[in-house]
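>>> The amino acid sequence is not available; the structure is as follows:
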């Protein structure tokens, strides 16, 4: 789900919070262990990202298409 923020936010702090929440949920469900969490959090690029620049509106078809291309890019890399 995407949320629009109308104020300046600390993207780095929000990214750390997002990563913590995801890892906590996976651990609580028994899908991940502490050692894996340690490994992932030690990576320079953890795979978590918070996008805080241009707003992408739902009816902006070109922006939505660009976002979709970006999302599937990793699948083909």
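Okay, I see it. On a predicted model such as this, the values are computed, not experimentally measured, just so you know.

>>> only C-alpha atoms for contact and neighbour calcs from this point on.
OK.

>>> Go through this structure and flag its longest helix.
helix 11-28 (DSSP state H).

>>> How far off centre is it?
Relative to its parent chain, helix 11-28 has a centroid offset of 9 Å by C-alpha atoms, centre = their mean, to the nearest Å.

>>> Tell me which other helices or strands the next helix-or-strand element following that helix touches.
Per DSSP states H and E, helix 11-28 leads on to helix 34-42 as the next helix or strand towards the C-terminus. The contact analysis (3 or more C-alpha pairs under 8 Å, 6 or more residues apart in numbering; DSSP states H and E) places helix 34-42 against no helix or strand.

>>> Give me the mean pLDDT for helix 34-42.
Averaged across helix 34-42, pLDDT comes to 91.

>>> List the buried residues of that helix.
Buried residues in helix 34-42, counted by 16 or more other C-alpha atoms under 10 Å: 37, 41.

>>> what does the average pLDDT come to for the longest helix of the chain?
The average pLDDT within helix 11-28 is 89.

>>> quick one: that helix to helix 34-42, angle?
170 degrees (axes from the mean of the first three to the mean of the last three C-alpha atoms, to 10 degrees).

>>> buried sites along helix 11-28?
Neighbour counts using 16+ other C-alpha under 10 Å place 15, 19, 23, 24 of helix 11-28 among the buried residues.

>>> Now do the nearest residue to the third one once chain neighbours are set aside against residue 24, distance only.
Counting by C-alpha to C-alpha, 6 or more residues apart in numbering, residue 37 is the residue found nearest to residue 23 once chain neighbours are left out, at 6.8 Å. When distance is defined by C-alpha to C-alpha, to the nearest Å, residue 37 is 9 Å away from residue 24.
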